[in-house]
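Enquirer: Could you look at this predicted model? Sequence included:
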Amino acid sequence: SLFYHIFFLHGDLISGSLDKAGTCTIQLAEGTENFLQAGYSRPGIYVPPDNQITFTGTGSLNVTGGEFWPGIGRNGGGSILIESGSITAQGGENAAGIGGSWGMGGGTITITGGTVNATGGGTGSAGIGGGCDGAGGTITIDGGTVNATGGGTGSAGIGGGYNGAGGNITINGGIVTATGGGNSLYPGGAGIGGGRYGAAGTIAINGGTVVANGGEKAPGIGHGASNNGEDGSTITINGGTVTANGGGWNAAGIGGTFDTGKDGNAFIIASPYISDTQNQKNWSGVIFEGDEGKVYGSPELKEDATIPNGKTLTIENGKTLTIGDKATLTNNGTIKIEQGGTLENNGALTGNGIFTGGGEITGTKLTQDAPTTGEGYAIECVTEKITIESGYQVSSDKSIMIADQSTVDPGKQLHVRKEENNFYNASD
């Protein structure tokens, strides 16, 4: 069974509680900063097969594995649960930050909260998952803030090490950033998925905010570089806000067999493209390939999302995109609502972008600022005839509207506002 330890590190206490044979809890005491540097060829924190270690508390832990060993983990087969605290884990040469040693998979890794920064060590080892030549194992992220970076070349941020498949990766929530290892000389691993030569594995993203950056020549999400993706792997993204960036050399944003599920509600930006579009007619969600995005199915955004500057979302005739009551859509690019298309805003719609097209916004429309002095109308002083610019309304008492080219009495006070249209409410 797993040994029970109490570590005094730099004067600060990590307290452990042994629940039963094979399980251990390390509580990071409030306000403490703890450091653990393993010796040569030793793990930072060792998790034997069939044993589980749980991290709780609000303190911090910075742990580094020795050569060929992970910061936290072992030869695969063990179970790691991170519930809270701030954990920084650095793998030794050829070993994961959290997960497997050289040649071994990641075991079972679950993150439900806290802040986790994990970096693979040296050559070909995942930030979270397999060591060099090791698969990702079973990785589940339900919450927290997670930053995972593949070490050296050919490794995934989350998933397989060099030559390792991604394993089974599920993201249900949290803020996740994953970057594959690789450089201009050596192709890399996916941000989330396989290491170089490795298959994507089984990847499911159901929620959360996810950014995945592929290593050199590798997809952001999917198989590693030098793998064609035709290996039975599956990538399903049906929820959350997901940005997947290929690692140059025209690598896909999402590379491998891709689907959204029948009722997907994800907001996906895949740059430059998605490699598998065979099931595109059944996609559901908001999906960008490069700078152009479309609405598929009838999705409802349940999490906050942003359209970046330079990107255009088109809502085609017959399509409706719904912003859920707890979601905010920030438009810093362009939303084009074609005639017959609808953006139903039941949440919040903000940003400094552009709205175009002949469709409409229903629900809560955008608000408009009142016109500034002299905006929206002009008066010829001799005839006192008013010319009203298109898109504006003028009244003498805020209730009775004045028609364009009407003659007004000298000295009369006029009120001007921007009129209501498909996208905006009338201004105040």
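Expert: Received the coordinates, thanks.
Enquirer: residue contacts, residue 205?
Expert: Residues in contact with residue 205 (Cβ atoms under 8 Å, 6 or more residues apart in numbering) are 170, 171, 221, 236, 237, 238, 239, 240, 242, 266. Backbone N, C-alpha and C define where each C-beta goes, glycine included.
Enquirer: And it, its phi and psi?
Expert: phi -120, psi 110 (degrees, to the nearest 10).
Enquirer: beta partners for it?
Expert: Under the criterion DSSP bridges, residue 205 forms beta bridges with residue 171, residue 237.
Enquirer: Distance check, it against residue 64.
Expert: Between residue 205 and residue 64 the computed distance is 30 Å (Cβ to Cβ, to the nearest Å).
Enquirer: same deal with residue 211?
Expert: In terms of Cβ to Cβ, residue 211 sits 25 Å off from residue 64.
Enquirer: pLDDT weak spots in the chain?
Expert: Applying pLDDT under 70 to the chain flags residues 1-21, 76, 398.
Enquirer: name the element the spatially most central residue of it belongs to?
Expert: In the chain, the C-alpha nearest the mean C-alpha coordinate belongs to residue 210, at 1.8 Å (Cα atoms, centre = their mean). Residue 210 belongs to strand 209-213 when assigned by DSSP states H and E.
Enquirer: Past that strand, which element shows up next along the chain?
Expert: That would be, after strand 209-213 and using DSSP H and E, strand 221-222.
Enquirer: buried sites along stretch 395-411?
Expert: Across stretch 395-411, burial judged by 16 or more other Cβ atoms under 10 Å covers 402, 408.
Enquirer: do the same with stretch 66-74
Expert: 66, 67, 68, 69, 70, 71, 72, 73, 74.
Enquirer: so who does the first one touch?
Expert: Going by Cβ under 8 Å, 6+ apart, residue 66 touches 38, 39, 40, 41, 42, 43, 44, 92.
Enquirer: So which of those belong to helices?
Expert: Using DSSP state H, the subset of these located in helices is empty.
Enquirer: which of the residues you listed has the most neighbours?
Expert: Among these, the one with the most neighbours (other Cβ atoms under 10 Å) is residue 92, at 29 neighbours.
Enquirer: measure that one to residue 123 for me?
Expert: Relative to residue 123, residue 92 is positioned 11 Å away (Cβ to Cβ).
Enquirer: circling back: and the two most separated of the buried residues of stretch 66-74?
Expert: For the buried residues of stretch 66-74, the farthest-apart pair by Cβ to Cβ is 67 and 72; their separation is 15.8 Å.
Enquirer: for the residue located most distally from the centre of the chain, helix, strand, or coil?
Expert: Distance from the C-alpha centroid of the chain, by Cα atoms, centre = their mean, peaks at residue 382 (61.6 Å). Under the three-state scheme (DSSP: H, G, I helix; E, B strand; the rest coil), residue 382 adopts coil.
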